[in-house]
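1. sequence and computational prediction follow.
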Amino acid sequence: VKYLTEQENNLEFTNTDEISKVMTQALTGFQRQLHMASRAQIDDLLKSKSTEKRVYHFISFNYTSVLEKCLQTITGGILQTRKVGNTEYSDVIGEIVHPHGYVDECPIMGVNDDSQIANKDIAQDPGIAKYLIKPETNKAQKMNFDFIAKSMLNSSDILCIYGMSLGETDALWWKRVMTWLNSSSAHQLVVFTFDPSFSPASHIDWMQREDRIVDTFRQYIGPGMNMEQLRARIHLAVHRNIFAI
């Protein structure tokens, strides 16, 4: 917590115009970073809902307030105004929820379940385990962050994952993501990922990276889900730093 606080304090947010410009372009044009077929799927979905206001919600697993400070630079929280026919629609910033809290407000750090606690004496002791298992800690703190984030996810049409490890300590969330993706054939999942060994000069590297992402999600699918069918609605962007501030 001390380290994260120090890192956040080192940042400057004085160039509000530039931050606002980068954030707006990244959020409203994220699909431009995708391969053509993926971009077309996202564009088709957005076109089918062109007469609806678009709301950009955020589930942040970062413990700092950096995201909030960046989004606050956008005047009135309005990302863009679109005219469809004779009607104007404003696309806006929605809610930001931190399921695991903030550095200065109940930060939750731990594992997904008791199988990830190596010491089985501790794992089987509910009085201790609840401090280490994130879903249990969330329930005990009664902050409702977890519930709000889950509702936010379930009401979304497009989900973008950016800057987050697909690790087992958040297995609960990846299971929820796959359940969400499976719940509607219109749902689209976009994954921005970084891989230091990736080479954009090789189509094999890109295909292998996609295979690894899909294989990671495969372990989180539930009964009755067909991974190959879901795969068509999982879109990948590698080495695309859309928030290059």
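-> In hand now; what should we look at? Numbers count the residues shown, from 1 in each chain.

2. and the helix or strand harbouring Leu181, what does it pack onto?
-> Assigned by DSSP states H and E, Leu181 belongs to helix 171-182. The contact analysis (3 or more CB pairs under 8 Å, 6 or more residues apart in numbering; DSSP states H and E) places helix 171-182 against helix 145-154, strand 158-162, helix 203-218, helix 227-231. (Glycine included, C-beta is placed from N, CA and C.)

3. looking at the ones you listed, which is closest to His239?
-> Checking those against His239 by CB to CB gives helix 203-218 as the closest, at 9.7 Å.

4. distance from the chain centre to the closest one, please.
-> The chain centre lies 18 Å from the centre of helix 203-218; the measure is CA atoms, centre = their mean, to the nearest Å.

5. which other helices and strands contact that helix?
-> Short answer (3+ CB pairs under 8 Å, 6+ apart): helix 203-218 packs on helix 171-182, strand 188-193, helix 227-231, strand 234-238.

6. and the pLDDT for Asn190?
-> Let me fix one detail, which is that residue 190 is Val and not Asn. pLDDT for Val190: 96.

7. so it makes contact with His35?
-> No - with contact defined as CB atoms under 8 Å, Val190 does not reach His35; the gap is 11.3 Å.

8. what about those two, which has more around it?
-> Neighbour count, other CB atoms under 10 Å: between Val190 and His35, Val190 has more, with 21 against 12.

9. for the more buried one, give the beta-bridge partners.
-> Cys160, His235 (DSSP bridges).

10. could we number from 745 for the rest of this?
-> Shifting the count to begin at 745 puts that one at Val934.

11. got the contact list for it?
-> Contact analysis of Val934 by CB atoms under 8 Å, 6 or more residues apart in numbering lists 774-775, 778, 782, 786, 902-905, 979-981.
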